[in-house]
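Participant: The following comprises the amino acid sequence and a computationally predicted model.
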Amino acid sequence: MSGHSKWSTIKNKKGKADAIRGKIYTKMAKAIAVAVKEGGSSPDMNARLRDAITKAKANNMPNENIDRAIKKGAGELGSSNYEEIIYEGYGPSGIAVIVQSLTDNKNRTAGDVRHAFDKNGGNLGTTGCVSFMFEKKGQIMIEKDDSVDEDEIMMIALEAGAEDVSAEEEGYEIITSPEDFQKVYDALDGEGFKFASAEVAMIPTTYSKLSPEDEKKMNKMLDMFDDNDDIQEVYHNWEEED
């Protein structure tokens, strides 16, 4: 998502934070458990786990929830077999959409994803049909307040290896390579900055706008994905308006 789109997403989620917080934590716990199962329970030795924990902390997930998810992934609290599946497709008016899932029933998830596309004027595509329109990047969002100094953020982020820092009305967007994401996050976290979000994301290289009617369809499709426990993340190139 662009910085503009990302801030719109953050604002929308804040508006219904209490209703979806538990669902967000459940999805993040699943991501942490899968990362542990694949690469071990040490964040220092497991980059995927490190990124999952960073994202969880940026969303204010309690440490006890994170620890529980790590133990579950290590098999200490029982375990489930989740498979990561990436879906690609087109939303209304050909908006590029990438859907990341972790599922224990790929037939169920595939059916749900296809239904969300079909019901809202889109269609599920084949692997690779839209991913070439995205780049994998670290994305850190810091909200503006009286204690946040733009020059300080830029200096710290760029010295730590950030590729770009942009200031917008709502806050600051810091873009990094996936390899430098953790280093830049740690540098900013060490200075006490509070994060609106922090993740390694799929950032679109081009954006498209939608008509008011198609915006409604797109928002409904995104809500359907948000409500699905199997869906971890959805990336798209819709240039949202506030």
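Facilitator: Cool, the structure landed.
Participant: Please report the distance of residue 176 from residue 115.
Facilitator: As judged by C-beta to C-beta, to the nearest Å, residue 176 and residue 115 stand 35 Å apart. In this view, the C-beta of every residue, glycine as well, is placed from N, C-alpha and C.
Participant: Without its sequence neighbours, what residue ends up closest to residue 77?
Facilitator: Distances taken as C-beta to C-beta, 6 or more residues apart in numbering place residue 71 nearest to residue 77, at 5.0 Å, with adjacent residues excluded.
Participant: which SSE is the one you found in?
Facilitator: helix 63-73 (DSSP states H and E).
Participant: Please pull up the helix or strand immediately following that helix.
Facilitator: strand 83-90.
Participant: Adjacent strands (with direction) for that next one?
Facilitator: strand 96-103 (antiparallel), strand 123-124 (antiparallel) (DSSP bridges).
Participant: So which of these is nearest residue 80?
Facilitator: Nearest of the strands paired with strand 83-90 to residue 80, taken as C-beta to C-beta: strand 96-103 at 9.6 Å.
Participant: before we move on, back to that, which other helices and strands does the helix holding residue 71 contact?
Facilitator: helix 17-39, helix 47-58 (3 or more C-beta pairs under 8 Å, 6 or more residues apart in numbering; DSSP states H and E).
Participant: Among the ones you listed, show me which one is buried the most.
Facilitator: With neighbours taken as mean count of other C-beta atoms under 10 Å, those reach their highest mean count in helix 47-58, at a mean of 21.
Participant: Please enumerate residues in contact with that one?
Facilitator: Helix 47-58 is touched from outside by 25, 28-29, 31-32, 35-36, 38-44, 65-66, 70, 140, 181-182, 185, 195-200, with contacts defined as C-beta atoms under 8 Å, 6 or more residues apart in numbering.
Participant: Now it: average pLDDT?
Facilitator: The predicted model assigns helix 47-58 a mean pLDDT of 94.
Participant: And for stretch 70-90?
Facilitator: pLDDT averaged over stretch 70-90 gives 88.
Participant: How far does that stretch sit from its chain's centre?
Facilitator: 16 Å (C-alpha atoms, centre = their mean, to the nearest Å).
Participant: Can you give me the buried ones in that stretch?
Facilitator: Buried positions in stretch 70-90, judged by neighbour count with 16 or more other C-beta atoms under 10 Å: 70-73, 82, 85, 87-90.
Participant: ok so, going back, out of the strands paired with strand 83-90, flag the one nearest residue 162.
Facilitator: Across the strands paired with strand 83-90, closest to residue 162 is strand 96-103 (C-beta to C-beta), at 23.5 Å.
Participant: What average pLDDT does that closest one get?
Facilitator: 97.
Participant: Confirm residue 136 sits in a strand?
Facilitator: Yes. Counting by DSSP: H, G, I helix; E, B strand; the rest coil, residue 136 falls inside a strand.
Participant: Give me the neighbour count for it.
Facilitator: By other C-beta atoms under 10 Å, 13 other residues sit near residue 136.
Participant: Can you classify residue 169 as helix, strand or coil?
Facilitator: Applying three-state DSSP: residue 169 is coil.
Participant: now residue 146
Facilitator: Following three-state DSSP, residue 146 is assigned to coil.
Participant: mind checking how far it is from residue 217?
Facilitator: Counting by C-beta to C-beta - residue 146 and residue 217 are separated by 39 Å.
Participant: the more surrounded of those two?
Facilitator: Set side by side, residue 146 and residue 217 show more neighbours around residue 217, with 19 against 5, by other C-beta under 10 Å.
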